[in-house]
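>>> model the following, please.
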Amino acid sequence: MKDKVLHLNSAFSIKAADSADSSIYIEGYASTIDVDRQGDVVPTSVWEKGMQNYLKNPVILAYHDHNNPIGRMTEHKTDGRGLWIKARISTAAKQFQLIKDGVLTAFSIGFRVLDAEYNSAAEVFLIKDLELVEISVVSVPANQNTLFDLSKAFDNAEEYKRYKEQFATQGQSAKGLECSTEADRDVKKEWNMNPEEIKQMLAQAAREAAEQATKALEARQQAEAQAKAQEIARQAEIDTRVKAAVEAHVQVGQTGAEKLLAEVEKRFETERAAQKSALEGLESVLKEKADELKALQTSKMAFGDKSKGDSTSYKERELAVLLSKVTGKSLESTRYGKTIVEKAGGHLGGGSNTTGIITAPNSQWETEVSTNMEEEVRRRLVMAPLMRSVAMQTNVMRMPLNPEAGAATWVINSDFGNSNNNSSGSTATHVLKEVTLNSFKVATREYMALEEEEDSILVLLPIVRDAMLRRVARAVDAAFINGAGSGSDPVKGIAMFDTASAVQIDSSNPVTIAKMRALRKDLGAWGLEPSELVYVVNTETYYNLLDDTNFMTVDKVGDRATLLTGQIGTIANTPVVVSGEMPAIAEAADGAGTNIAAFCFAPANFLVGNQRGLRVDTDVLTERQSRVLVASLRTGLTQLTTNLGPAVSTLRYVNGAT
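Residues are numbered from 1 along each chain as shown. Below you'll find the predicted structure:
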């Protein structure tokens, strides 16, 4: 039982860190020299030796759990009161907030008793030597009358009594405490002693312990001096014997010495040759590994778990695909493409050729690049996202619609069940209307000289790519706004579907909120629900609206904004979208001889058809010594019905106005 780990509890206080560190510090006496109600005493003198092992790793635990470290002891000292410590608690500890809030306020130290004296008559247990095992923060609060209590480390009082009996003195008290004879006369004397008497008693015990330690030190020093003297005498005897042997001319023959020297030199030479060979082998291996690492760094390969997916980025794959198209080579035949294929690895389904070299997953990457470029074009569009879209299998698609066919009739009570057919309402013939949706090809091209090297092409490709996508997006937006619908401008724009007399403005009659609302009024039944309409304006109209204090810009609308591409505000809950493809005042007029400043339309009455996504093709033009890069897609739009009245109303400048 002497190896049992005992626990002492004591209180601590909490202090914040002095720096920007958010951790906290706790400090207090982990042990005091006070005598508890059980007569247990831990003097200060035990800690200098008792903490030696603990100071090698002064970790603070929680609840004596070695798997739950929460901080480290940063300072410690001993004084007349006992052992004082200071510890830093990490913010990563689960108990950090409990300590900071003052819920956990107690230290508990665990130690083993190595030497002690116990006087059973006086019931005083003096710990003379111990080993500190650990310091913990616990939830047991400190008892103001009992700063620590060894008995809490045992299951019951009887077990604790048996433990202390192991250190019981034979007829003598524990180092200056009451002797057994005095204790037999009045066992209860201790309980009537005041704290000052107890301190004097402990001081006396400490003085006697110091005297005994001094005597033991002197005895040890005397024994060491005697041992040293004996060693000196023994060495002197050895020196005398050696001197006598020399004087007797005990010599080794010259021939024997020469043989021994030659043998030693031969062995050294053999070892040097073996070491040289080993070093040369290591240098060869190191050079080989260095060359391998240099090659890997040059190829920009990235290592990783290939089973987790492609290690290349989309930008790298896109650049490799476009470079392949521009140069007219397979993806892995270009230097850059080969690097990206090697980086991607063979897990992408590319397969390998007869030489075992991994080939690129051309179709997968080309599809991915085409899809992403098409999505980027559509993100740049202002008009197309406002309307419903359908996928077209051919460039012409006919769609059946059910137009408005009047209204049902009310039946009066007298007609119920009559044979005049009036009880079933009026007769209406169901007629389907067929709408034709056409998709038209929009394309743009870019030329690149054949003499350009791969490195220069890599620099130009992102610029060329962005320019082509912007041109395609601008062409689609411009056609959907005011396309003529014939010849080289095959798509009929939404503004061109306005068949009513347009609201007109001029330099003396500028755009206002009232005129914009008048556009909605012209839509008739289509204009009843403002949230289902959209205003589209050019840049001049946008700046005119900013001068109108009633215009609600997006920053004023707040979370009610619909967040459409190009949206700048709302008018009576109807989004206002600005497009740079709307014609300016000075640009060419439409067929009526006027320029469009804005229009309001119902997106639900229009349908966008997409037959084919964006594709990129390339070809060599020998006569121009260049390669052409072509980006194209097929799209179109149509109006569904006119039964509910016009679905578009325009605001136009008077011809010639500035």
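
>>> Three-state assignment for the closest residue to residue 210 other than its chain neighbours, please.
The shortest distance from residue 210 to any residue other than its chain neighbours is 7.9 Å, reached at residue 45 (CB to CB, 6 or more residues apart in numbering). No exception for glycine: its C-beta is placed from N, CA and C like everyone else's. The local conformation at residue 45, judged by DSSP: H, G, I helix; E, B strand; the rest coil, is helix.

>>> domain assignment for this protein?
Using automatic domain parsing, the domain ranges for the chain come out as 5-206, 310-380, 464-653.

>>> need the ones you listed in JSON lines with mean neighbour count, mean pLDDT and distance to residue 277, can you?
Shown next, in JSON lines, are those (neighbours: other CB atoms under 10 Å; pLDDT from 0 to 100; distance: least, CB to CB, whole Å):
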{"stretch": "domain 5-206", "mean neighbour count": "17", "mean pLDDT": "75", "distance to residue 277": "44"}
{"stretch": "domain 310-380", "mean neighbour count": "17", "mean pLDDT": "73", "distance to residue 277": "36"}
{"stretch": "domain 464-653", "mean neighbour count": "18", "mean pLDDT": "80", "distance to residue 277": "59"}
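
>>> quick one, which of those gets closest to residue 227.
In terms of CB to CB, the element of those nearest to residue 227 is domain 5-206, at 24.1 Å.

>>> which residue ranges form the strands in the stretch 251-400 of the chain?
Secondary structure of the stretch 251-400 of the chain (DSSP state E, counting those that start in this stretch): strands at 388-391, 396-401.

>>> on that earlier part again, can you redo the domains of the chain as TSV with distance to residue 229?
Formatted as TSV, those follow (distance: least, CB to CB, whole Å):
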stretch	distance to residue 229
domain 5-206	30
domain 310-380	77
domain 464-653	95
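
>>> quick one, which of those gets closest to residue 388.
Nearest to residue 388 among those is domain 464-653; the distance by CB to CB comes to 5.7 Å.

>>> between the two ends of that closest one, how far is it?
Length of domain 464-653, first residue to last, CA to CA, to the nearest Å: 37 Å.

>>> off-centre distance for that domain?
Counting by CA atoms, centre = their mean, to the nearest Å, domain 464-653 is centred 42 Å from the centre of its parent chain.

>>> one step back: among the strands of the stretch 251-400 of the chain, which is nearest residue 213?
For residue 213, the closest of the strands of the stretch 251-400 of the chain is strand 388-391, at 96.2 Å, according to CB to CB.

>>> tell me the strands beside the closest one, with direction?
Strand pairing for strand 388-391, determined by DSSP bridges: strand 606-621 (parallel).

>>> dump the strand it pairs with to CSV, keeping only the CA atoms.
What follows is strand 606-621 as a C-alpha-only set of coordinates in CSV (Å, rounded to 0.1, in the frame of the first residue of the first chain):
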residue,chain,number,x,y,z
PHE,A,606,-41.7,34.5,-74.5
LEU,A,607,-39.8,31.3,-75.0
VAL,A,608,-36.0,30.8,-75.6
GLY,A,609,-34.9,27.8,-77.6
ASN,A,610,-31.4,26.4,-77.3
GLN,A,611,-30.5,23.7,-79.9
ARG,A,612,-26.8,23.4,-79.3
GLY,A,613,-24.4,24.6,-76.6
LEU,A,614,-21.2,26.5,-77.2
ARG,A,615,-18.6,24.7,-79.2
VAL,A,616,-15.1,25.7,-80.2
ASP,A,617,-13.7,24.6,-83.6
THR,A,618,-10.3,25.2,-85.3
ASP,A,619,-8.8,25.0,-88.7
VAL,A,620,-5.6,25.9,-90.5
LEU,A,621,-5.8,28.7,-93.2
